Every structure is written in structure tokens, then in C-alpha cells.
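[1] I would like to see how this sequence folds:
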Amino acid sequence: MKRTTSLFLSAVAATSSFTRLTTAQKLAFAHVVVGDTAAHTQSTWENDIKLAHAAGLDAFALNGGFPDSNVPKQIANAFAACESLANGFKLFVAFDYLGGGQPWPASEVVSILQNYSSSDCYLHYSNRPFVSTFEGTGNIDDWAPGGAVRGAVDVYFVPDWTSLGPTGIGAHLDNIDGFFSWDMWPNGASDMTADHDLAWVNAIGSEKTYMMGVSPWFFHSASGGTDWVWRGDDLWADRWNQVMTVDPQFVQVVTWNDWGEASYIGPFVTDNEVPSGSSVYVDNMPHESFRDFLPYYIATFKGDKFDISRDQMQYWYRLAPAAGGSECGVLGNNPDQGQTVVDVNSVVQDKVFFSALLTSPATVQVQIGNNPAVSYDGVAGINHWNQDFNGQTGVVKFSVVRNGATVKSNTGAEITASTSLANGCTNYNTWVGSF
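    The predicted model follows:
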């Protein structure tokens, strides 16, 4: 069987060295949940930084809540690792006003910024230390020019105050240099569009920079509250395509290590860093292959030249049909955020999702188990497709074929007819592989 429908980016670009920053430079970051790094040592941070740097990322956003004793310790470890490597990679702090139990006191914010903003590893933009937040709309006055924070440290301020909405941010434009939107997952059984991003860009105007969020997946499974799913599926490919349309100044990949929400692209370290209730859904479900196309995507976003020197594929899918296990209380959408709950099994699609980065036109083949392979016509550059399970089970084989010869192939994890979890629950997380 042959199919030719493809979503692809036509731009071709390349990663450039990250040296001194100027205001015009576009930058790509990864969001690190510092609260999920309890077992990290300086060496662990060094490994994370090397991997992120190799993927074309420019900096980590160190997101931490208050009070969390792990946060100051691990920020110190991160900066020690970065300074030891001295490879051009940068760090900046994103103050999480919801994740620690209390809002950040202005005095604590100032203390952290005064301690680290002079480091060679701290990201500066427009000659000022770059700072972000996760929410914090109850503390907006702290961030006003001359306020409790910015009166003490002159920063380039790009907060996530998404809860204000595009109509509400207008009253606070004098308090910000740019804006970061947390609108990066679709609502319900639909695919993500760039509509929210374009609304934010319009609301903040051309004098402010925009930081666009890109995430590969979302399944909140941590104990102690609502568990819910937002559609991932084609999101990783779709969202990077949308980056090229929106053309923001900054991109933030969300996340490097949020195991409790299954949005991670970084390496697994230990179950001790995984929130309670999530390990069963994270163990043996690697996402590191999501990074494989980042050098291409980031270079394209920056307008740099990229040499596609070999054929590559990345692929991701859930390992059983959604109906092959119990929902176990997982919802489609989050009612705590005012969303209408929908059937969680309608949010996710029983499909294999796959992208190919090709040196020249080729045929891409996907075969599930012993079923007939399905062929797709690929163009030079980036391609993306999806393929229904249709009740098929077995190991999934991915191949690139050119002029009748298989150039490269590999197999992914097995798809089974029902969940393999001992608790009988559906695992709404995804398995990711590549070659």
C-alpha cells in the first residue's frame, strides 16, 4: 500500500556556533523542572548540558518553585557544571509561582539573581540577565520597572502570565520586555494550531519579543490531583512547523525532564526524580529520540544553513490501543483550568507518528508486525506522516528505501492488543525511537 500525503517544512538550515549574543539573535531553550532533579550531581548536570548543546539548544530555563530546598542546591549545581564545561551553553532562571506552594518573595528572587546573573553562564539578552516565570500574576508589581525586583536587578523580563489572556496582557506591557505563552497543547480531540500564538503576538505588539512554547506530549499522571491528557500525537512535528509560521524571537521546548506530565525529551536518571504515581507510566518509555531532529528544527527557526548529510527517521506511538486498558480516572482536558472534560480515549489517536529527514527523495515504509508494509513518498528535507494501528499488533519496522534498495531500517517497540501495565491502566505516555 502506498500513501503520499505528507506534512513537511520546506526550509533547510544549519546550526551555527553559539557565541556572544546580540538582540537580533533567535534563541532556543529547554525548560528544566528543577524540582525533578533531586538526585542530580554536578556530573549529571554536565551530561544534561552536553546533550542539550549537541541538540542545538542555547540554554536551560531553570524553573523552580518556592519554598523548595532542592531548588537553590540544584541551581548551584547547574551553574557549577555549566561554568566547568564553558562550552557556550547558558542558563537562566524561571521563577515558578505555582509549583512550590507559595509565591516567590521578591527578596528571594533578588538574592538568586544577584548571586548568578554575573556568571559567564547566565544568559544575557539586550545586555541584561534574561528572566522568566511560570505565572505570578499576583506579584506583577514586584516586576514593574523600579519595583521590588527590577529596582534591585535590571533584567530582560519575559514572563509567562498566560492566565491573563491576550486581552488582559495589554495593561501590563510596560512591565515586560517580552512574553512567554503556555498555550502549546490543544483542547480536547483536536490538533494544535498557531492561533493562540498569533493572538499573543498581536496583543503584545511588535515592540515586545515573543517566546513560543513547543512540547512533544502531555499526560499528567502524578499523584495528588487531577490526571489528564492533552493531545500529543502529531504535535512535535506540527508545532515546529508552526514555529516557522509564527517566527518568534525565542522558542522554549517544554520540557527537558517533566516526568509527571510526560513531556520530557531529556535522559532518564532515576525513579527518585520521578513524581509519585508517575514511574509506572515513565519506566521504559524513552523520549530522547525527540531530540534527534532538533539541530535541523532549531537551525531552520534561526534561518541558518543545515546540511542534511544522512537519512534519519524518528517515530513515536503508544504501545497499545487506548481502549486496551482502564482509564483509571484519567480525563481528557483539565476541569481545574476551566476546560470541558471529554472522553480521554477520544483525545488520543491509535496511530504511529513518524518523521523523516531525507537527503533526497525516497520511499518511507512502515510495517506493523506481519501486516503489509505501507509506503510513503518522501521529499528531500523534512517529512511527517501518521498511520493507524487498525487493530494491528507486533514490532514496528521503519525503513527508508531509495531506487529499490533499503538505505536504512530499524524496529521500534512492540504494539500489543492490551495494556502491559500490571495495574491494568492504559498508558497514555508515548514510546519514542529513531535512527
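[2] I'd like the distance between the spatially closest residue to residue 129 that is not a sequence neighbour and residue 87.
    With Cβ to Cβ, 6 or more residues apart in numbering as the criterion, residue 129 has its nearest non-adjacent residue at 3.8 Å, and that residue is residue 117. The C-beta positions use only the backbone N, C-alpha and C, and glycine is treated the same way. In this view, residue 117 and residue 87 are 20 Å apart by Cβ to Cβ, to the nearest Å.
[3] next: residue 211.
    23 Å.
[4] so between these two, which is more surrounded?
    Neighbours were counted for residue 211 and for residue 87 using other Cβ atoms under 10 Å; residue 211 has more, 22 against 13.
[5] I'd guessed the more buried one sits against residue 181; true?
    Yes: with contact defined as Cβ atoms under 8 Å, residue 211 counts as touching residue 181 (7.4 Å).
[6] on that earlier part again, can you report how many residues neighbour the residue nearest to residue 129?
    19.
[7] and the pLDDT at it?
    pLDDT, residue 117: 98.
[8] what's the answer for residue 20, then?
    33.
[9] mark out where each domain of the protein begins and ends.
    14-302, 312-434 (automatic domain parsing).
[10] which stretches of the stretch 1-150 of the chain have low pLDDT?
    1-23 (pLDDT under 70).
[11] now the helices for it?
    Shown for the stretch 1-150 of the chain, the helices assigned by DSSP state H, counting those that start in this stretch span residues 42-54, 70-85, 106-116.
[12] list the contacts for residue 112?
    With contact set as Cβ atoms under 8 Å, 6 or more residues apart in numbering, residue 112 has these partners: 72, 75, 93.
[13] how close does it get to residue 155?
    11 Å.
[14] out of the contacts of residue 112, who's nearest residue 45?
    residue 75 (10.0 Å; Cβ to Cβ).
[15] that closest one: neighbour count?
    19.
[16] repeat for residue 377
    15.
[17] could we number from 368 for the rest of this?
    Sure, I'll start counting at 368 from here, so that last one is residue 744.
[18] please, which helix or strand holds it?
    strand 741-745 (DSSP states H and E).
[19] CA atoms of that strand as PDB?
    The C-alpha coordinates for strand 741-745 follow below in PDB (Å, rounded to 0.1, in the frame of the first residue of the first chain):
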ATOM      1  CA  VAL A 741       2.700   0.900   4.000                       C
ATOM      2  CA  SER A 742       4.800   3.100   1.700                       C
ATOM      3  CA  TYR A 743       5.000   6.900   1.700                       C
ATOM      4  CA  ASP A 744       6.600   9.200  -0.900                       C
ATOM      5  CA  GLY A 745       9.200  11.400   0.900                       C
END
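[20] where does the stretch 518-667 of the chain have low pLDDT?
    Looking at the stretch 518-667 of the chain by pLDDT under 70, you get an empty list.
[21] strands along that one, start to end?
    523-525, 545-547, 576-581, 586-587, 595-596, 617-620 (DSSP state E, counting those that start in this stretch).
[22] right, so of those strands, which gets closest to residue 561?
    Using Cβ to Cβ, the nearest of these to residue 561 is strand 576-581, at 8.6 Å.
[23] for that closest one, the distance to its chain's centre please.
    The chain centroid and the centroid of strand 576-581 are separated by 12 Å under Cα atoms, centre = their mean, to the nearest Å.
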